[in-house]
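Enquirer: this one's sequence-less:
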């Protein structure tokens, strides 16, 4: 079942990439001028990978990664340490709605004042829309409704501006907010406490308590899928970055390598830089969509974002706050449902936190994904 659904996602992602490939420009657009020298994308990739040195580097890197993964699955080093880490992270799960609101609200306010619509590549029709959505999310007021409005606004404009795919992470983030709600601290939570206390004046006049309760009951069975939505959206974003930004636009990507002298950081030829970065981002995107080693993948994603932040100093950082937040969220929650992490069970250590210390429970199989709103999903890492 998981594999069939994953295949469907691959088809959808590929179709979206093909549809947008003729028009899209990704984050390198923000730090370069012009489109660079015309470069045939297919010939460029073939020439780079056809070089014996580059081919050996790719093959060696792939084999090293495969050996590392196989060795980990076979020997499970630091299994108890990872179990302690997962138990610790589960204590932060109740903060996930707040993290989502900050990760979306802050960049939307910034986008509104800067005059672009979700992505710096798309001009805003009106700044008030995003500023309003952003502030409502930051305050946590009418959170699910506001997130739904923001998601609808994005999807309505997407057919007219395919460049919005460059900000595809917002789809998963806004959908996740609809699923998990405002959490705490939030204005919604404060008003809910007032409305639920029959002795308050507000409980007599609250206009939305009935609707809120019915909607909570409707979506609560699906709260687990918030992490799934974020994971898939972030994975799609990585695939777009690698495929459209670099492999389909090597001329512009080569401009970035030259502008920031990236070959001095990693001493390989510029073409190898572009193809290597593109394939790495695409691989990370597919791994996230599959839900394989999700926390480790999220950590790698966070490192890549941080490297970009310091490596491209004139890149509009405010536009990418959402990426940092979503990667951090996945590190806390893990994969969520519909992930290979939940299928790839293994013998691993668990932690008994009911005592003053931590005691290892021997050789138990991991539990399936749990409720994001309660204990968070566990995964094979």
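Expert: It's in. This is a predicted model, so every value here is computed, not measured. Numbering: from 1, shown residues only.

Enquirer: check what pLDDT residue 375 gets.
Expert: Residue 375 is assigned a pLDDT of 37 by the prediction.

Enquirer: ok, now residue 196?
Expert: Per the predicted model, pLDDT is 87 at residue 196.

Enquirer: how many residues are close by the nearest residue to it once chain neighbours are set aside?
Expert: Counting by C-beta to C-beta, 6 or more residues apart in numbering, residue 196 lies nearest to residue 203, which is 7.2 Å off, once chain neighbours are set aside. The C-beta positions use only the backbone N, C-alpha and C, and glycine is treated the same way. Counted with other C-beta atoms under 10 Å, residues neighbouring residue 203 total 14.

Enquirer: helix, strand or coil for residue 203?
Expert: Classification of residue 203 using DSSP: H, G, I helix; E, B strand; the rest coil returns helix.

Enquirer: surely it touches residue 193?
Expert: No: look at residue 203 against residue 193 with C-beta atoms under 8 Å: they stay out of range, at 10.0 Å.

Enquirer: how about the contacts made by the residue nearest to residue 196?
Expert: Contact partners of residue 203, counting by C-beta atoms under 8 Å, 6 or more residues apart in numbering, are 194, 195, 196, 197, 209.

Enquirer: whichever of those end up buried, select them in ChimeraX.
Expert: In ChimeraX, a selection of the buried entries from the contacts of residue 203 looks like this (16 or more other C-beta atoms under 10 Å):
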select :195,209
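
Enquirer: now the two most distant members of the contacts of residue 203.
Expert: 197 and 209 (11.4 Å; C-beta to C-beta).

Enquirer: what about residue 281, distance to residue 154?
Expert: Separation of residue 281 from residue 154 (C-beta to C-beta, to the nearest Å) stands at 22 Å.

Enquirer: and what of residue 124?
Expert: 12 Å.

Enquirer: now the helices for the stretch 201-350 of the chain?
Expert: 202-205, 209-219, 225-240, 250-259, 270-290, 294-311, 321-333, 340-343 (DSSP state H, counting those that start in this stretch).

Enquirer: how about those in CSV, adding distance to residue 90 and mean pLDDT?
Expert: What follows is the helices of the stretch 201-350 of the chain, written out as CSV (distance: least, C-beta to C-beta, whole Å; pLDDT from 0 to 100):
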stretch, distance to residue 90, mean pLDDT
helix 202-205, 33, 87
helix 209-219, 22, 85
helix 225-240, 13, 95
helix 250-259, 39, 85
helix 270-290, 21, 92
helix 294-311, 12, 85
helix 321-333, 8, 93
helix 340-343, 15, 88
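
Enquirer: mind checking which of those helices is nearest residue 134?
Expert: Among the helices of the stretch 201-350 of the chain, helix 321-333 comes nearest to residue 134, with 11.0 Å by C-beta to C-beta.

Enquirer: what separates the closest one from the chain centre, distance-wise?
Expert: 6 Å (C-alpha atoms, centre = their mean, to the nearest Å).

Enquirer: tell me what that helix is packed against?
Expert: When contacts are defined as 3 or more C-beta pairs under 8 Å, 6 or more residues apart in numbering; DSSP states H and E, helix 321-333 packs onto helix 96-114, helix 169-180, helix 225-240, helix 294-311.

Enquirer: right, and those helices - which one's nearest residue 275?
Expert: Of the helices and strands packed on helix 321-333, nearest to residue 275 by C-beta to C-beta is helix 225-240, at 15.0 Å.

Enquirer: show me what the closest one is packed up against.
Expert: Helices and strands touching helix 225-240, by 3+ C-beta pairs under 8 Å, 6+ apart, are helix 2-20, helix 96-114, helix 169-180, helix 270-290, helix 294-311, helix 321-333.

Enquirer: residue 186 and residue 156, how far apart?
Expert: Distance from residue 186 to residue 156, by C-beta to C-beta: 27 Å.

Enquirer: oh sorry, the question was meant for residue 162
Expert: Using C-beta to C-beta, we find residue 162 at a distance of 13 Å from residue 156.

Enquirer: so for the two, which residue has more residues nearby?
Expert: Using other C-beta under 10 Å as the criterion, residue 162 and residue 156 rank with residue 162 on top: 17 against 9.

Enquirer: pLDDT score assigned to the more buried one?
Expert: Note for residue 162: predicted pLDDT of 91.

Enquirer: most neighbours per residue, which of the helices of the stretch 201-350 of the chain?
Expert: Of all the helices of the stretch 201-350 of the chain, helix 225-240 carries the top mean neighbour count, a mean of 26, counting by mean count of other C-beta atoms under 10 Å.

Enquirer: chain center to stretch 108-126: distance?
Expert: 20 Å.

Enquirer: gap between the two ends of that stretch?
Expert: 12 Å (C-alpha to C-alpha, to the nearest Å).

Enquirer: quick revisit: could you dump the helices and strands packed on helix 321-333 to JSON lines with distance to residue 247?
Expert: As requested, the helices and strands packed on helix 321-333 are exported to JSON lines (distance: least, C-beta to C-beta, whole Å):
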{"stretch": "helix 96-114", "distance to residue 247": "26"}
{"stretch": "helix 169-180", "distance to residue 247": "20"}
{"stretch": "helix 225-240", "distance to residue 247": "10"}
{"stretch": "helix 294-311", "distance to residue 247": "17"}
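
Enquirer: and these: which comes nearest residue 249?
Expert: For the helices and strands packed on helix 321-333, proximity to residue 249 was assessed by C-beta to C-beta; helix 225-240 is nearest, at 11.5 Å.

Enquirer: quick check: angle from the closest one to helix 169-180?
Expert: 180 degrees (axes from the mean of the first three to the mean of the last three C-alpha atoms, to 10 degrees).

Enquirer: use 3 as the first number from now on
Expert: Yes, from this point I'll number from 3; that puts the last item at helix 227-242.

Enquirer: give me the angle between helix 227-242 and helix 272-292.
Expert: Using the same axes, to 10 degrees: helix 227-242 against helix 272-292 is 160 degrees.
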